[in-house]
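Novice: Based on what follows, work out the 3D shape:
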Amino acid sequence: MPQRLLINLACLGLLLSVSAVALAAPPASPPATPPAAPAAPRASEPAARWAKVKEIDAAVKMLTEEAMDLDAAGKPEHPAHFDRPHPALKAWTPDMAPLVLQRMQGKFTGDDHRDTYIRWHLLWVLQKAEQQDKRQMGKELVKLAQMLPGPVDVKERPEHRYEPPEIASRYFSLVHSARITVGYPPFQRIVDPPESYQYMTPDQVTRAKANIEEAKKLRDQFKTIVDRDAIAFNRRVRRVNHIVRTYRGELIYLLLQTGDPKIAQLVVSEIDRQVSAKSGVALDLVAYMYLAAFDGVLSYYDAKTLQDLGAKLELTARASEGYLDYGGEKRNFADYAFHLILMLQQGNPLIKPKGPPS
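Specialist: Here you go, the predicted model:
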């Protein structure tokens with residue numbers, strides 16, 4: 001972890017004091033031959049770190065301005081960047097990661113979701129860190145995990161309206177009466193006519209066809225008014241929600257990259273907590289555990305640790321009932337985590353325990 005600024009300044013002062021003493025010493029007798037030119041002085045470590053800190057502060061200032069405009073109506077003054085790397089960070093090297101991690105632990109705007117936008121961009125730098133540095137980040141990453149926000153709780157705006165609304169309402173009611181839902185969660189799907197007729201009785205088909213004919217007569221009797229500002233606003237809300245989900249998962253992935261069994265247990269405990277809260281966040285976290293398995297990250301753990309993780313996930317799966325809301329759909333946690341649990345408990349070619357990462 002970086003030294004405190006006070007220590008850095010003290011070191012710098014010591015260097016300056018040494019230089020002053022050297023300059024005050026009486027000149028020596030001139031040598032018989034001219035001495036070789038001295039090597040150029042190297043920048044002090046404190047000065048180099050201070051330059052990095054100032055660079056991070058400048059980037060955070062830019063990210064904060066963008067975060068504050070995330071819900072701005074119309075065209076924001078400081079447009080957000082929904083791709084990485086952010087222009088202010090793209091030239092940063094892996095050695096910036098420890099300082100960035102330290103900066104990420106503070107609050108930026110006081111709003112969890114705006115702060116997550118900032119941290120999501122900064123997390124890109126942590127992902128570039130050397131594996132050796134990632135192993136040492138564990139405790140600090142856990143602090144970030146304790147600050148994770150929930151889903152974005154912002155109501156989207158209506159993107160369009162119909163005029164006159166009563167005719168439009170009648171039209172859609174008639175059209176929807178000819179649709180039918182088939183299957184069961186999470187494999188349900190809505191079937192439109194004429195395919196829907198095969199799932200109806202003859203009387204239902206006759207009624208549905210009559211409704212469709214009546215709807216055709218109403219289609220030109222109302223207009224659709226589109227609200228472009230609402231569309232732009234809703235798009236930002238969805239993107240921010242996606243960032244929150246991605247940030248949460250990528251942070252879990254980094255935690256697993258530490259190779260620390262205790263931290264891996266914390267990850268599984270967080271999954272259990274989310275399942276108990278009936279939150280679809282649990283499925284996101286499991287998805288990143290699958291990714292860690294496929295990428296070979298779980299090979300950083302010995303067989304006993306992997307079996308313990310699998311046993312804990314199995315208890316969570318057996319205790320869970322019903323379905324979780326996930327992206328507007330219903331998913332069953334036990335089904336979702338089934339293959340991961342087997343991989344952890346029984347071993348799998350994708351997971352080859354080999355001890356701590358090198």
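Novice: Over to residue 69: give its phi and psi.
Specialist: Comment: the main-chain dihedrals of residue 69 come out as phi -100, psi 10, following degrees, to the nearest 10.
Novice: where does the spatially most central residue of the chain land on pLDDT?
Specialist: A centroid search over the chain (C-alpha atoms, centre = their mean) returns residue 247, at 1.4 Å, as the residue closest to the centre. The confidence metric pLDDT takes the value 93 at residue 247.
Novice: tell me which element it falls in.
Specialist: Here residue 247 sits within helix 228-257, counting by DSSP states H and E.
Novice: how far out from the middle of the chain is that helix?
Specialist: Taking C-alpha atoms, centre = their mean, to the nearest Å, one finds the center of helix 228-257 at 6 Å from the center of the full chain.
Novice: same check, this time on stretch 130-148
Specialist: Going by C-alpha atoms, centre = their mean, the spacing between the C-alpha centre of stretch 130-148 and its chain's C-alpha centre is 15 Å.
Novice: Tell me if I'm right that residue 104 and residue 116 touch.
Specialist: No: applying C-beta atoms under 8 Å, one finds residue 104 not in contact with residue 116, separated by 10.4 Å. For every residue, glycine as well, the C-beta is placed using N, CA and C.
Novice: picking that back up, separation between the residue nearest to the centre of the chain and residue 127?
Specialist: In this structure, residue 247 lies at 11 Å from residue 127, with C-beta to C-beta, to the nearest Å as the measure.
Novice: What of residue 93?
Specialist: From residue 93 over to residue 127 the distance is 13 Å, taken as C-beta to C-beta.
Novice: now do residue 189
Specialist: Separation of residue 189 from residue 127 (C-beta to C-beta): 37 Å.
Novice: now residue 279
Specialist: Residue 279 sits 25 Å away from residue 127 when distances are taken as C-beta to C-beta.
Novice: Please apply the same query to residue 294.
Specialist: Taking C-beta to C-beta as the criterion, residue 294 is separated from residue 127 by 17 Å.
Novice: Likewise for residue 316?
Specialist: According to C-beta to C-beta, residue 316 stands 28 Å off from residue 127.
Novice: And the two? Which one has more around it.
Specialist: Between residue 316 and residue 127, residue 316 has the larger neighbour count (other C-beta atoms under 10 Å), namely 22 against 14.
Novice: Do you have the helices of this protein handy? List them.
Specialist: Counting by DSSP state H, the chain has helices at residues 5-24, 45-68, 97-104, 112-127, 131-136, 138-145, 165-176, 202-218, 228-257, 261-276, 281-294, 303-319, 333-346.
Novice: low pLDDT regions in the stretch 151-300 of the chain?
Specialist: Of all residues in the stretch 151-300 of the chain, those with pLDDT under 70 make up the ranges 151-152, 185-186.
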